[in-house]
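**Q** My questions concern the predicted model and sequence given below.
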Amino acid sequence: MKKGLILLIATLFILLLSAESVNSQAGEYGFQFLKFNFSPALSAQAGTGGFYNASASVIMQDPAAALNIKAKSVHFSQMQLNHFDANVYSVAWRNSGLNSSLGLFFSSLDYGKLEERLDNGTLVGEFHPMDINMGFNYAQRLTSNQLAGITVHGLFTKIHTESALGMSVDFGYIWQTPLQNTNVFANLKNLGFTSKMKNERIDIPYSFEFGANYFKQMNSDMKLNVEAKALKHEDNDDAKYNLGGQIALYDILSLRAGYRINYDIESYTLGLGINWNRFDIDYSYIPIDLDNLGDTHYIGLTYYY
């Protein structure tokens, strides 16, 4: 197990150096949809909370988090991006034990039909851009308190008549610390490559995340989990910080909130989850702090079997 952990850390280090080498000769960064959070439950907590959520949507965001809760689930969600007049659709499947976890996912971002105009404003037609992200997640318990995971993404993007394919990999590590119900985690995400678009290769902005989460059973009817993390994207000089939490009441209702620090147009997030029989219904609301841009609404349904 220790050899496996050392190998994982060495691999992360080598891939980080490789990515830095590639991006030193970078053109323009693309595939920005990889920065989206495809889970309504996590979006409501500013992109946090994956370690304490049994939905299959978690596998798209946190490579190792699915190992914490034993669950078999199928998830579907839809996000309305009013500020882009676009929709995001996601489907995910998860089969998680306490020692290993496997998951599959597919998501698409449909921007709808956009007008094509000349420099003088003359309308000459329409085009239909779109992005697709599909792949799998695998997580494994390395030791009694150390977890690791990998997520592989197959990517497709289309802008006007040009398109590109790509592949990226996320690595995740979680340490369940000696402090009761407290975990420290690190994720290295979006390491990959793409085909050329208009004779120029588009670079994928890799990112690094580091944070901690905490869980407390308040009483027989109330549970609390909170998380804080810092993240840095390669195509942005400024580090960002996410804070989020959830209060679960009677195993029926979950109230969620979060706050994003150092983001351009996003700040607080809100949402809730309702558990009924074998179903979870999740909703998140993300205000956009910019005039003439609508807010984002995200709803999802998870079935446990």
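**A** Thanks, I have it.

**Q** Go through stretch 138-151 and flag the buried ones.
**A** For stretch 138-151, the neighbour count (16 or more other CB atoms under 10 Å) marks 138-142, 146-151 as buried. C-beta coordinates here come from the backbone N, C-alpha and C atoms, glycine included.

**Q** Just the endpoints, please. Distance across that stretch?
**A** Terminal residues of stretch 138-151 are spaced 6 Å apart (CA to CA, to the nearest Å).

**Q** At the geometric centre of this structure, which residue sits there?
**A** For the chain, residue 61 is the residue whose C-alpha lies nearest the centre (CA atoms, centre = their mean; 3.1 Å).

**Q** Tell me the pLDDT of residue 30.
**A** pLDDT, residue 30: 70.

**Q** That one: neighbouring residues, count only.
**A** Using other CB atoms under 10 Å, residue 30 is surrounded by 22 other residues.

**Q** got the contact list for it?
**A** Listed by CB atoms under 8 Å, 6 or more residues apart in numbering, the contact set of residue 30 reads 157, 164, 194, 197, 202-204.

**Q** Show me the residues you listed that map onto helices.
**A** Nothing among the contacts of residue 30 maps onto helices, per DSSP state H.

**Q** picking up where we left off before, I'd guessed the residue nearest to the centre of the chain sits against residue 43; true?
**A** No - using CB atoms under 8 Å, residue 61 is not in contact with residue 43, being 9.4 Å away.

**Q** burial count for the residue nearest to residue 41 when sequence neighbours are not counted?
**A** Nearest residue to residue 41 in three dimensions, chain neighbours excluded: residue 282, at 4.4 Å (CB to CB, 6 or more residues apart in numbering). Residues contacting residue 282 under the criterion other CB under 10 Å number 27.

**Q** in the helix or strand where residue 282 lies, what counts as buried?
**A** If you go by DSSP states H and E, residue 282 is part of strand 279-286. For strand 279-286, a neighbour-count test (16+ other CB under 10 Å) marks 280, 282-286 as buried.

**Q** Likewise for stretch 34-54?
**A** Neighbour-count burial for stretch 34-54, counted by 16+ other CB under 10 Å, picks out 34, 36-54.

**Q** And for stretch 105-120?
**A** Quick answer for stretch 105-120 (16+ other CB under 10 Å): 105, 107-109, 111, 114.

**Q** Tell me the one of the residues you listed nearest residue 225?
**A** Residue 225 lies nearest to residue 105 out of these, by CB to CB, at 22.9 Å.

**Q** Report all helices and strands that the helix or strand harbouring that closest one contacts.
**A** In this structure, residue 105 sits in strand 100-110 according to DSSP H and E. Under the contact criterion of 3 or more CB pairs under 8 Å, 6 or more residues apart in numbering; DSSP states H and E, strand 100-110 touches strand 86-96, strand 130-143.

**Q** biggest separation within the buried residues of stretch 138-151, which pair?
**A** Spatial extent of these (CB to CB) is set by the pair 146 and 151 at 17.9 Å.

**Q** re earlier: partner residues bridging the residue nearest to residue 41?
**A** Per DSSP bridges, the residues bridged to residue 282 are residue 273, residue 300.

**Q** just use 812 as the starting number from now, easier for me
**A** Understood, numbering begins at 812; the last thing we discussed is residue 1093.

**Q** picking that back up, residues shared between the contacts of residue 872 and residue 854?
**A** Joint contacts of residue 872 and residue 854 (CB under 8 Å, 6+ apart) are residue 848.
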